[in-house]
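Asker: Provided below are the primary sequence and the corresponding predicted coordinates.
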Amino acid sequence: MSITANSLISDSFNFFKNQLSGLFILSFISATISLILYYFLVPIDEMATIVKTLGGQNDSTSLLSWVSQLSDEEKSIMMRVSLLSLAAVFIGLILLVSSVVTYLSELSTGNSISAGQAFMLSLRILPNMLILLVVCTIIIYFGFMLFILPGIILAIGFSLSPIILITVKNVMPLRAMSQSWKIAFRHWWLILAILLLWLALQMLLTMLLGQFRFLPSMVNNIISFTLNNLLTSFTLIYFFRLYMLVGKTTN
């Protein structure tokens with residue numbers, strides 16, 4: 001069976017277009033939860049006070065020296081803000097991946113399901129999805145820290161694991177990662193193509209959204225998060241379609 005990136009992208013785009021309303025709702029829900037957690041968890045006022053001191057730095061290369069001049073308490077606040085910000089975004093990502101893949105899985109079996117129903121149904125898989133994405137993220141992160149190529153290889157190898165975790169019955173996170181690894185490298189060029197496209201679109205979106213600084217920060221953030229989630233949803237559709245075509249025959 002001949003599968004090309006162009007055909008997968010075309011099929012994925014058609015599905016994305018037909019199910020845009022449901023995918024938008026799931027993307028918006030995940031974005032809203034991320035932002036609520038962000039504004040609830042992150043000490044904005046404390047961080048703003050520290051960041052104001054950066055205004056006195058005329059040399060753009062003096063960021064490291066600026067950080068070194070902060071007190072231990074200020075460094076602790078910055079570290080806490082960074083970790084809590086990542087946690088808020090990561091929780092939104094877990095919700096997005098779980099709900100979108102659940103939505104795709106139900107639709108693929110002919111079940112009529114709304115975005116809200118898919119979101120509620122996906123909550124049952126959250127613990128396993130949390131374990132899966134945390135383990136994958138840590139391993140891929142260290143891969144990029146060692147050198148860029150190992151990180152790319154690991155990202156390709158684990159790319160299908162969220163799909164497998166939800167679509168295959170009674171599979172655990174590590175088993176889903178193992179199955180993804182076996183399948184992914186037989187079609188690595190198809191996965192690399194969508195990862196590169198996703199990164200390019202993410203950068204383009206960031207540049208475009210940078211032109212809308214006149215909007216209130218809350219509005220700009222919800223637009224940014226939702227659009228980024230839609231791009232991720234499209235990528236998940238691509239992975240789901242690829243797995244449906246090649247995964248079942250290799251399990």
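Answerer: Right, received. Where do you want to start?
Asker: which strand or helix spans the nearest residue to residue 114 once chain neighbours are set aside?
Answerer: The shortest distance from residue 114 to any non-neighbouring residue, by CB to CB, 6 or more residues apart in numbering, is to residue 22 (6.9 Å). C-beta: built from backbone N, CA, C; applies to glycine. Per DSSP states H and E, residue 22 falls inside helix 20-41.
Asker: got the contact list for that helix?
Answerer: Outside helix 20-41, the residues that touch it by CB atoms under 8 Å, 6 or more residues apart in numbering are 16, 84-85, 87-89, 91-93, 95-96, 99-100, 103, 114-116, 118-119, 218, 221-222, 225-230, 232-233.
Asker: I'd say residue 192 and residue 157 touch.
Answerer: No - applying CB atoms under 8 Å, one finds residue 192 not in contact with residue 157, separated by 11.3 Å.
Asker: looking at the two now, which is surrounded by more residues?
Answerer: residue 157 (23 against 17; other CB atoms under 10 Å).
Asker: for that one, which non-adjacent residue is spatially closest?
Answerer: residue 181 (4.5 Å).
Asker: what's the neighbour count on the one you found?
Answerer: Going by other CB under 10 Å, the residues that sit close to residue 181 add up to 16.
Asker: and for residue 232, the neighbour number?
Answerer: Neighbour tally, residue 232, other CB under 10 Å: 18.
Asker: tell me how far it lies from residue 126.
Answerer: According to CB to CB, to the nearest Å, residue 232 and residue 126 sit 17 Å apart.
Asker: where does the residue nearest the centre of the chain land on pLDDT?
Answerer: The residue lying closest to the centre of the chain (CA atoms, centre = their mean) is residue 93, at 4.8 Å. Residue 93 carries a pLDDT score of 94 in this model.
Asker: just residue 108 next, same as before
Answerer: 90.
Asker: quick one: the closest residue to it other than its chain neighbours from residue 119, how far?
Answerer: Nearest residue to residue 108 in three dimensions, chain neighbours excluded: residue 244, at 6.7 Å (CB to CB, 6+ apart). Distance, residue 244 to residue 119, by CB to CB: 22 Å.
Asker: the more surrounded of the two?
Answerer: residue 119 (21 against 14).
Asker: what strand or helix carries that one?
Answerer: helix 115-122.
Asker: and residue 3, how far from residue 244?
Answerer: Residue 3 is 11 Å from residue 244, by CB to CB.
Asker: next, residue 170: secondary structure please.
Answerer: coil (DSSP: H, G, I helix; E, B strand; the rest coil).
Asker: and what of the one 10 residues further on?
Answerer: Under the three-state scheme (three-state DSSP), residue 180 adopts helix.
Asker: hmm, residue 160 and it touching each other?
Answerer: Yes - in this structure, residue 180 is within contact of residue 160 by CB under 8 Å, at 4.0 Å.
Asker: residues contacting the nearest residue to residue 215 once chain neighbours are set aside?
Answerer: Nearest non-adjacent residue to residue 215, counting by CB to CB, 6+ apart: residue 223, 7.5 Å away. Residue 223 makes contacts with 209, 212, 215, as judged by CB under 8 Å, 6+ apart.
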